[in-house]
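Asks: the sequence and its predicted three-dimensional model are supplied below.
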Amino acid sequence: MMLGCRRGRTVQGRAEERRRIERMLANSRRGVSSSLLLHGDAGIGKTTLLEHAAAHADGMRVLRVEGIESEMELAFGGLHQLLLPVLDLLDRLPGPQAGALRAVFGLSEEPVRDRLTLGLASLSLLSEAATDDPVLCLVDDLQWLDRPSGDALTFAARRLRDEGIVMLFATRSTPPESGSKALPRIHVTGIDRRSAVALLPGLAPPVAEHILDQAQGNPLALRELAAALTPAQRAGQLGPLAPAEARPEPPHQLQDAFAQQIRRLPTRPSALSR
């Protein structure tokens, strides 16, 4: 069972954000590079927008990395994940830049070079990858990417010109010291009410209204709060949960919804785990 899975979701609303991303992709096919940082609350739809970009990246090479909290201390782990598919192009880079990437990825015994050379090497490698086809780089959960990788990628993003590269970052926060502060950005907020209603099929109108008030436009909250209802609650046969004026913020509601799902899991090991 996967709680709060964000993959494979259809984008509801977000017309402005989708148009901007699609315009960036179209420009990259004419050799114009660009970058964009999507920031907002957990579950607000940032990953879905990255998936939308990937789905519209026809004729582009897509490189991805997702920050993982447990790997934040593994320096350059995120950068390696993103660049692994194009490491065969290292020999095209100037010697010092190729050496910098080989050093941080453990491919040589050279000492790790300065951050400037590593940032330039990352940009050069992406540029080489875009020689034949435009490149789309998707960096999800930037807040959990190891700091050296995040610094190298945002360094490269701030220096894009005419390579045909699009770099999209998604994060929950933008620390003041982060290089991402200088990137063009969109604050991803709650979806409009009409789009939110489309995520709540099969609910009695009063119940749907209650969920809409609770979730405050957060797509993940809409789905998980609805999923936590019993069939009787979905049909409106039992009064919905707490009154709207007493509602906590969506993240707390999501924690409650996840806790309910966890409590439904079997306490004994299943046959699959034996």
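Replies: Structure received.
Asks: make it CA atoms for all contacts and neighbour counts henceforth
Replies: Will do.
Asks: roughly how far apart are R158 and G40?
Replies: 21 Å (C-alpha to C-alpha, to the nearest Å).
Asks: then L225?
Replies: 19 Å.
Asks: so which of the two has more stuff around it?
Replies: Using other C-alpha atoms under 10 Å as the criterion, L225 and G40 rank with L225 on top: 22 against 18.
Asks: let me know the helix or strand that S35 is in.
Replies: strand 34-39 (DSSP states H and E).
Asks: got the contact list for that strand?
Replies: With C-alpha atoms under 8 Å, 6 or more residues apart in numbering as the test, strand 34-39 has contacts from 24, 28, 46, 157-158, 160-161, 165-174, 180, 183-188.
Asks: for G236, see how far away the most centrally placed residue in the chain is.
Replies: By C-alpha atoms, centre = their mean, the chain has its centre lying nearest to D140, at 3.1 Å. Counting by C-alpha to C-alpha, the separation of D140 from G236 is 38 Å.
Asks: can you give me the helices in the stretch 151-274 of the chain?
Replies: For the stretch 151-274 of the chain, the helices defined by DSSP state H, counting those that start in this stretch occupy 193-197, 205-215, 219-227, 231-234, 250-264.
Asks: which of these has the lowest mean pLDDT?
Replies: In terms of mean pLDDT, the lowest-scoring of these is helix 250-264 (a mean of 53).
Asks: what residue ranges in this structure are flagged as low confidence?
Replies: 1-10, 174-178, 238-274 (pLDDT under 70).
Asks: where do the strands sit along it?
Replies: 34-39, 61-66, 135-140, 165-171, 185-187 (DSSP state E).
Asks: what are the contacting residues of the last one?
Replies: Under the criterion C-alpha under 8 Å, 6+ apart, residues E17, L36, L37, L38, H39, G40 lie in contact with strand 185-187.
Asks: please repeat the previous calculation with a cut-off of 10 Å.
Replies: 17, 20, 35-41, 46, 168-170, 172 (C-alpha atoms under 10 Å, 6 or more residues apart in numbering).
Asks: out of these, the closest to D88 would be?
Replies: Distance to D88, by C-alpha to C-alpha, is smallest for L168 among those, at 23.2 Å.
Asks: run through the bridge partners of the closest one.
Replies: Taking DSSP bridges as the rule, L168 bridges to L36, L138.
Asks: my guess is it meets V62, correct?
Replies: No. Under the criterion of C-alpha atoms under 10 Å, L168 makes no contact with V62, lying 11.0 Å away.
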